[in-house]
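1. Make a model of this:
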Amino acid sequence: MIGNAHIDAVWLWPWQEGFQEARATFRAALDRIAEYPDFVFTCDSIGYLAWVEEHDPELFAALREQVHAGRFEIVGGWWVEPDCNIPGGEGFVRHALYSQRFLADRFGAMASVGCNVDPFGQNAVIPQLLSKSGMDGYAFMRPQPHEAELPGPTFWWRAADGSRVLTYRIPHEYCSPAGHLGTHVGKALAQLPHTTEPLMCFYGVGNHGGGPTRANIDSIIELNGSDQFPRMVLSTVGAFFDEAAGGDLPEYTGEIQPHGVGCYSAHSGIKKLIRTTEHALAAAEKWAAVAGAVAAMAPVTGEFEAAWRQVLLNHFHDTAAGTALPGAYFDARDRLGEARSIAARLQNRAIQGISRQIAVAPA
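-> Residues are numbered from 1 along each chain as shown. Now for the predicted structure:
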């Protein structure tokens with residue numbers, strides 16, 4: 001049983017509300033940790049931790065203490081839960097680069113398991129992207145069983161380069177009602193095979209955050225004592241994959257599609273802005289690298305990271321796919337515009353520095 005809170009940074013609300021969602025949810029998770037000695041909370045978006053560090057240093061320090069105690073699990077290794085079809089390859093790499101670097105610096109360890117429950121399809125390169133950035137497992141939910149047939153809920157997913165990750169498709173839902181979980185667990189079990197192998201069920205109020213409630217946890221304790229349900233353990237995604245890895249599991253190669261195909265023809269403007277911003281940053285970094293070698297231009301990695309963070313936030317599945325409220329796209333335009341402005345300024349600085357090294361003979 002994986003206690004979590006799916007947090008939509010942007011959806012039917014602007015990012016400023018998502019900012020507060022993250023803080024309130026993590027505070028609630030710490031309260032449940034204090035109340036229930038076996039409870040563990042799982043967080044899958046590193047950008048939300050960065051928000052809390054910026055906004056509430058005391059809360060961040062308390063989270064770090066529980067991470068080290070093994071009660072607050074960090075998975076995902078990406079900045080947010082991005083759409084998995086729209087971002088460019090370099091964008092996915094930056095999710096892992098900046099997120100894993102943040103975790104190593106603040107917590108002393110990187111994420112070892114990927115987790116991206118809500119995007120509307122999964123591209124075939126994900127196992128390679130995860131494996132090359134230190135993650136050997138992946139949990140997702142969409143597309144669901146009625147949309148895409150897979151060899152089982154738990155399987156090895158292999159990319160074209162041979163990289164593979166142990167993968168699990170979450171049954172039924174990644175979030176739950178606030179009350180008793182009997183129906184929620186029953187629906188999850190209905191999608192799962194009859195087996196003695198370990199299975200995962202996610203629970204906790206989500207979308208607008210919230211996380212596991214007292215009623216959720218009390219009902220798990222109650223159901224665990226019933227003969228009508230399997231043994232239920234408050235646990236972590238990492239612990240599940242460690243146990244599941246020993247089984248004889250099938251393998252799958254290729255993309256996992258589709259879900260919500262209509263979103264890929266919605267709001268073409270945001271999709272174009274994301275791609276042009278990714279390209280602008282990539283070009284500017286190349287020029288800055290050359291300028292560093294031939295014109296002694298000082299490193300500007302911090303400025304590039306600040307710009308990329310704006311792009312990564314707007315890779316969020318509801319933003320990139322075009323399924324957020326209309327006002328969210330004014331914010332997205334401004335944030336991506338800021339990133340392109342940084343790219344243009346740094347590229348100009350680099351090119352000007354290079355050009356000054358060119359000797360021009362008098363006419």
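
2. now residue 62: how far from residue 180?
-> Distance, residue 62 to residue 180, by C-beta to C-beta, to the nearest Å: 29 Å. For the C-beta atoms, the positions are set from N, CA and C on the backbone; glycine is no exception.

3. so what's residue 177 up against?
-> Applying C-beta atoms under 8 Å, 6 or more residues apart in numbering to residue 177 gives the contacts 183, 184, 205.

4. residue with max distance from the center of this structure?
-> The centre of the chain is farthest from one residue, residue 363, which by C-alpha atoms, centre = their mean lies 58.3 Å away.

5. Please tell me how far it sits from residue 355.
-> Taking C-beta to C-beta, one finds residue 363 at 18 Å from residue 355.

6. just residue 333 next, same as before
-> Distance from residue 333 to residue 355, counting by C-beta to C-beta: 32 Å.

7. need the strands for the stretch 201-350 of the chain, in chain order.
-> Counting by DSSP state E, counting those that start in this stretch, one finds strands in the stretch 201-350 of the chain at the ranges 202-203, 251-253.

8. Pick the most buried one from these.
-> Mean neighbours per residue, mean count of other C-beta atoms under 10 Å, is largest over the strands of the stretch 201-350 of the chain for strand 202-203, with a mean of 26.

9. Report the strands that pair with that strand, each with its relative direction.
-> Here strand 202-203 has these sheet partners by DSSP bridges: strand 2-4 (parallel).

10. For the partner strand, the averaged confidence score.
-> The average pLDDT within strand 2-4 is 98.

11. now stretch 10-29
-> In the prediction, stretch 10-29 has an average pLDDT of 96.

12. Same question for stretch 56-63.
-> Averaging pLDDT along stretch 56-63 yields 98.

13. Kindly report the same for stretch 303-317.
-> According to the model, stretch 303-317 has a mean pLDDT of 98.

14. Stretch 86-97 too?
-> Average pLDDT, stretch 86-97: 97.

15. Residue 126 and residue 159 touch, don't they?
-> Yes - counting by C-beta atoms under 8 Å, residue 126 does reach residue 159; the two are 7.3 Å apart.

16. contacting residues around the nearest residue to residue 88 once chain neighbours are set aside?
-> In space, and not counting its chain neighbours, residue 88 is closest to residue 278: 4.8 Å by C-beta to C-beta, 6 or more residues apart in numbering. Counting by C-beta under 8 Å, 6+ apart, residue 278 makes contact with 87, 88, 90, 91, 311.

17. try 10 Å
-> Each residue near residue 278 by C-beta atoms under 10 Å, 6 or more residues apart in numbering is listed here: 87-91, 94, 308, 311, 315, 336, 339-340, 343.
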